[in-house]
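Chemist: this is a predicted model, with the sequence first.
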Amino acid sequence: MEGGNKTDTVSESNVKYYTLEEIQHHNMSKDSWLIIHDKVYDVTSFLEEHPGGEDVLLEQAGSDATESFEDVGHSTDAKEMMQQYLVGNLHLDDRNKDSKEILITNSGESSSWTTWLIPALAAAMERIDITQQFQKYTGCSLGRWT
Ligand code: HEM
């Protein structure tokens, strides 16, 4: 017996990344790829088997079908089934850029209300204390020099 340890499991290091431009070429019935949740599926052999029909898949071939896929409300079975057509991931540069922007804006934020409120309170309390001491020892009320 030889080669008994060989498996077909796809490990993280083997995952392929495809650019949107590459994926867009796979847009025909002989060669249909779909992007769903930033993953790339080759559904060519599945077109005729798809319970929702081949036309809906062909309409989205070569593009991002996440919204249409979710709108249908596919079953857990359908989600498990799609794993066998997985060929890779959408390239990081072609993913939704909004989420990256949010991260950048928030990470630069270091100030919070505590950084100015605590010194302001301390200063106010010190001032009240000085005023009271002054009144106690001089009998003079600050701000009312008559
Ligand atoms: C690899 C991707 C896909 C797989 C494995 C898949 C699988 C399935 C399965 C198993 C069903 C039967 C109902 C269910 O179990 O939810 C179904 C129905 C359906 N699918 Fe998909 N699907 C895929 C992608 C898509 C996409 C991208 C669209 C839309 C563009 C779509 C549109 C539909 C429609 C319209 C139905 C019929 C729903 C109904 O009759 O109620 N599917 N699909």
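Modeler: On my side now, so go ahead.

Chemist: look up how far residue 38 lies from the residue nearest to residue 94 when sequence neighbours are not counted.
Modeler: Once flanking residues are discounted, residue 94 sits nearest to residue 20: 4.1 Å by Cβ to Cβ, 6 or more residues apart in numbering. C-beta coordinates here come from the backbone N, C-alpha and C atoms, glycine included. Between residue 20 and residue 38 the distance, using Cβ to Cβ, to the nearest Å, works out to 11 Å.

Chemist: find residues that contact each of those two.
Modeler: Listed contacts common to residue 20 and residue 38 are residue 90; contacts here mean Cβ atoms under 8 Å, 6 or more residues apart in numbering.

Chemist: residue ranges with poor pLDDT in the protein?
Modeler: Per-residue confidence for the chain (pLDDT under 70) gives these ranges: 1-13, 97-122, 124-125, 127-128, 130-135, 137-138, 140-146.

Chemist: in this structure, which residue sits closest to the ligand?
Modeler: The ligand sits closest to residue 52 of the chain, with a gap of 2.4 Å, by Cβ to the nearest ligand atom.

Chemist: need the phi and psi values for that residue.
Modeler: phi -90, psi 0 (degrees, to the nearest 10).
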